[in-house]
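**Q** mind folding the following:
(one chain, ligands or ions: 1)
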Amino acid sequence: MLRRTHGEVAGDLVTTTPGAPLMFRPTVVQTPAIITITILIWRFASGLVRLVYRHPIAVAISLGLAALAVLHGWKWAAGTLSAVIAALAWWCVAHRSSFSRWVGWRLLACWRLASVYRPHWSFAMSGAGLSKLAKSLEYRPRLVRVKCGPVADTVTVKMLKGQSFDDWTSKADNLAHAFGALSCRTSIVRAGLLRLSFPRRDPLRKPIKALPIPDTVNLLAVPIGLCEDGSPWTLKVHGTHILGAGATGAGKGSIIWSTLRGLLPAIRAGLVRPWGLDPKLMELSYGRELFYRYAATPEDCADLLDELVSLMQERAGLFGGHQRSHIACLEYPFELIIIDEIAFLTAYQADRDLKKRINAALATLTTQGRAVGYGVMALLQDPRKEVMNIRNLFPDKIAMRLDESEQVDMVLGEGARERGALADFISPVPTIGAGVAYVRLETSPEPVRVRAAYVSDGDIRDMVAWLNADDYGDTLPLPEIETGEVA
Ligand SMILES: Nc1ncnc2c1ncn2[C@@H]1O[C@H](COP(=O)(O)OP(=O)(O)OP(=O)(O)O)[C@@H](O)[C@H]1O
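**A** This next block holds a predicted model:
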């Protein structure tokens, strides 16, 4: 027997027939039409306000054309529209960069929103497991805004309540494929708001030619290559120490030479003094004349490091009580100690006394050198702790192509690989992957993919010639040089 009943009496029902089907119909509360209409009007009005706020120019043009068509006829509207299009085309040809900035990227963003992100959003969210089902309703993260730049699209998203940043970083691969991109990077804008970055093309696909020797030198931003968004990759060399790790053939040399190239005017002026330690004898020796001092054998390297420690301590003694930071000048230049394959001097050194001396000198330089104008840039192949037990004394790290995925976090810190630093996936083919690296820039904790410019043997010879050229004689002006306050 079938019985219809209202929800509230269901709890009191008793049936004597075992297995008798019970039809349960919940109480339906009729919403008054006025409330439904008010909600619809409210939604329409807020959508309209949002449209005007987000696209004021497009709305103004559309309204203006509509007004023209109503007041003077469609021919006037069509003529004005043609004039506007012709003006935009002229702007695009004559001043491409300003056109792109003000119009081009916005139009592209509208197009990408309508053709890529909006249509695939719902499926991508449920496919990646980022939407939630509650009471038979599907709740999806809200697509807030799409912006386009020369290289990548950035999509701002409002996360669902209860979601964490890690929920999104772990789905980066799913999202990249869902929107037809090569990769997806996630970063936090503010609580609950995320930025997803989808590259449309890869500016690091091809080797980058050696950058021009700059006129001015900023020790806090030496240009050495490009970031994945096409912006310059600059390296802070003053007030820090840099550790670069990469398997053989990863292109560690390009980081050294690009840095020296960016510093060349300051080296020539005597404001920066590079010290080269080259235990492999293969890398730095090619541009030996660029170095203020150079050592290759482990004994010479140990002596040089000891000398640097005593110079540094002497300078610290002079600065003590007078100044707390270093500004590069002729009297106290910035001393940059470049060590190629540091493991040869530390872990792989057979002579135990020498190894101890070198380790002690390196630890002293890296712990006390920053504030008095001593910076260490060390490169190595194997970042494991057994090989490099002082890697935590290097504030800035660069992960080039690495052999194992676990090595990525050893270099860039816990969780870096999960956040997209796929250094173990960098191609071993030199033209594709040499010089490519992941770094954490000061502005963001998220790893950024970068590529150092390739400084060829010819470029190094040119740098030596440039340094030794005496056309300026003694009248060489000091380059503008910026150093930061280093506490
Ligand atoms: N930035 C770069 N862009 C393109 N190609 C590069 C770049 N850097 C290096 N290469 C190419 O990769 C090769 C290996 O580079 P490099 O010797 O610098 O590697 P490495 O990491 O120092 O290797 P190893 O540790 O064995 O000395 C170079 O001969 C060059 O052809």
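**Q** going by C-alpha atoms from here, please, whenever you check contacts or count neighbours.
**A** Fine.
**Q** show me the contacts for Gly438.
**A** That one is not Gly; residue 438 is Tyr. The contact partners of Tyr438, taken as C-alpha atoms under 8 Å, 6 or more residues apart in numbering, are Ile398, Ala399, Met400, Ala421, Leu422, Ala423, Pro447, Val448, Arg449, Val450.
**Q** in strands, which of the residues you listed appear?
**A** Ile398, Ala399, Pro447, Val448, Arg449, Val450 (DSSP state E).
**Q** and which of the residues you listed is nearest to Lys161?
**A** Nearest to Lys161 among the ones in strands among the contacts of Tyr438: Pro447, at 25.8 Å, using C-alpha to C-alpha.
**Q** measure that closest one to the ligand for me?
**A** Per C-alpha to the nearest ligand atom, to the nearest Å, Pro447 is found 19 Å from the ligand.
**Q** swap in His326?
**A** Distance from His326 to the ligand, by C-alpha to the nearest ligand atom: 31 Å.
**Q** thinking that residue is in contact with Gly373, fair?
**A** Yes: His326 is within contact range of Gly373, at 5.5 Å (criterion: C-alpha atoms under 8 Å).
**Q** in what helix or strand does the residue of the stretch 1-150 of the chain found nearest the ligand lie?
**A** With C-alpha to the nearest ligand atom as the measure, Pro150 is the residue of the stretch 1-150 of the chain nearest to the ligand, at 21.9 Å. Using DSSP states H and E, Pro150 sits within no helix or strand.
**Q** look at it and report its pLDDT.
**A** On pLDDT, Pro150 comes in at 86.
**Q** contacting residues around it?
**A** Pro150 neighbours (C-alpha under 8 Å, 6+ apart): Trp105, Asp229, Gly230.
**Q** highest neighbour count among the residues you listed?
**A** Counting neighbours by other C-alpha atoms under 10 Å, Asp229 leads the contacts of Pro150 with 23 neighbours.
**Q** where do the strands of the stretch 51-200 of the chain begin and end?
**A** 132-134, 137-139, 142-148, 152-158, 185-190, 193-199 (DSSP state E, counting those that start in this stretch).
**Q** neighbours of Asp459, how many?
**A** For Asp459, using other C-alpha under 10 Å, the count is 17.
**Q** from the ligand, how far out is the nearest residue to it once chain neighbours are set aside?
**A** Leaving aside its chain neighbours, Asp459 sits nearest to Ala210 (7.3 Å; criterion: C-alpha to C-alpha, 6 or more residues apart in numbering). Going from Ala210 to the ligand by C-alpha to the nearest ligand atom gives 9 Å.
**Q** and Ala210, how many neighbours?
**A** 20.
**Q** after whichever strand or helix holds Arg261 comes which helix or strand?
**A** Taking DSSP H and E as the definition, Arg261 sits inside helix 252-269. The helix or strand immediately downstream of helix 252-269 is strand 272-277, counting by DSSP H and E.
**Q** by how many degrees do that following strand and helix 252-269 diverge?
**A** Strand 272-277 and helix 252-269 meet at an angle of 140 degrees, taking axes from the mean of the first three to the mean of the last three C-alpha atoms, to 10 degrees as the criterion.
**Q** check contacts around Gly270.
**A** Going by C-alpha under 8 Å, 6+ apart, the list of residues near Gly270 reads Leu330, Pro333.
**Q** no, scratch that, I was asking about Pro32
**A** Applying C-alpha under 8 Å, 6+ apart, no residues contact Pro32.
**Q** show me what from the stretch 301-450 of the chain comes close to the ligand.
**A** By C-alpha under 6 Å from any ligand atom, the part of the stretch 301-450 of the chain that sits against the ligand consists of Pro430, Thr431, Ala434, Gly435.
**Q** change it to 8 Å
**A** Applying C-alpha under 8 Å from any ligand atom, one finds that the stretch 301-450 of the chain approaches the ligand through Glu341, Leu380, Gln381, Pro430, Thr431, Ile432, Gly433, Ala434, Gly435, Val436.
**Q** any chance of those in TSV, with distance to Arg140, secondary structure and neighbour count too?
**A** Formatted as TSV, those follow (distance: C-alpha to C-alpha, whole Å; DSSP: H, G, I helix; E, B strand; the rest coil; neighbours: other C-alpha atoms under 10 Å):
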residue	distance to Arg140	secondary structure	neighbour count
Glu341	50	coil	21
Leu380	46	strand	20
Gln381	45	coil	22
Pro430	43	helix	14
Thr431	42	helix	12
Ile432	38	helix	14
Gly433	38	helix	23
Ala434	41	coil	27
Gly435	40	coil	27
Val436	36	strand	32
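**Q** ok, those residues vs the ligand, which is closest?
**A** Gly435 (3.5 Å).
**Q** state the distance from that closest one to Arg106.
**A** Taking C-alpha to C-alpha, to the nearest Å as the measure, Gly435 falls 33 Å from Arg106.
**Q** and the lowest mean pLDDT element among the helices and strands of this protein?
**A** Lowest on mean pLDDT, DSSP states H and E among the helices and strands of the chain sits strand 4-6, with a mean of 52.
**Q** thinking again about what came up before, so which of the strands of the stretch 51-200 of the chain is nearest Leu330?
**A** Leu330 lies closest to strand 185-190 among these, at 42.0 Å (C-alpha to C-alpha).
**Q** direction included, what does that closest one pair up with?
**A** strand 193-199 (antiparallel) (DSSP bridges).
**Q** so which elements touch the following helix or strand past the strand it pairs with?
**A** Where DSSP H and E defines the elements, the next helix or strand beyond strand 193-199 is strand 217-218. Packing partners of strand 217-218 (3 or more C-alpha pairs under 8 Å, 6 or more residues apart in numbering; DSSP states H and E): helix 252-269, strand 481-482.
**Q** okay, the ones you listed, which one's buried deepest?
**A** Each of these was scored by mean neighbour count; the highest is helix 252-269, a mean of 24, by mean count of other C-alpha atoms under 10 Å.
**Q** quick check: Asp424 touching Ala399?
**A** No: Asp424 lies out of contact with Ala399 (C-alpha under 8 Å); the separation is 9.2 Å.
**Q** distance from the chain centre to stretch 273-290, please.
**A** Computed by C-alpha atoms, centre = their mean, to the nearest Å, the chain-centroid distance of stretch 273-290 equals 30 Å.
**Q** my bad, should have said stretch 373-390
**A** 22 Å.
**Q** all further residue positions should be reported with the first residue as 18.
**A** Fine by me, first position is 18 from now on; the one you just mentioned is stretch 390-407.
**Q** what does that stretch contact?
**A** With C-alpha under 8 Å, 6+ apart, stretch 390-407 has contacts from 254-265, 269, 329, 343-345, 349-360, 363-365, 380, 382-383, 386, 408, 424, 427-428.
**Q** mind doing that once more with 7 Å?
**A** Outside stretch 390-407, the residues within contact range by C-alpha atoms under 7 Å, 6 or more residues apart in numbering are 254-265, 269, 343, 351-360, 364, 380, 383, 386, 424, 427-428.
**Q** ends of it, what's the gap?
**A** Stretch 390-407 stretches 20 Å from its first residue to its last (C-alpha to C-alpha).
**Q** buried ones in it?
**A** Within stretch 390-407, the residues that count as buried by 16 or more other C-alpha atoms under 10 Å are 390-400, 404-405.
**Q** thinking again about what came up before, please flag which of the contacts of stretch 390-407 sit within helices.
**A** Applying DSSP state H to the contacts of stretch 390-407, the entries found in helices are Lys269, Ala380, Thr383, Gln424, Met427, Val428.
**Q** so what's the last one up against?
**A** If you count contacts by C-alpha under 7 Å, 6+ apart, Val428 has them with Pro400, Lys414, Ala416.
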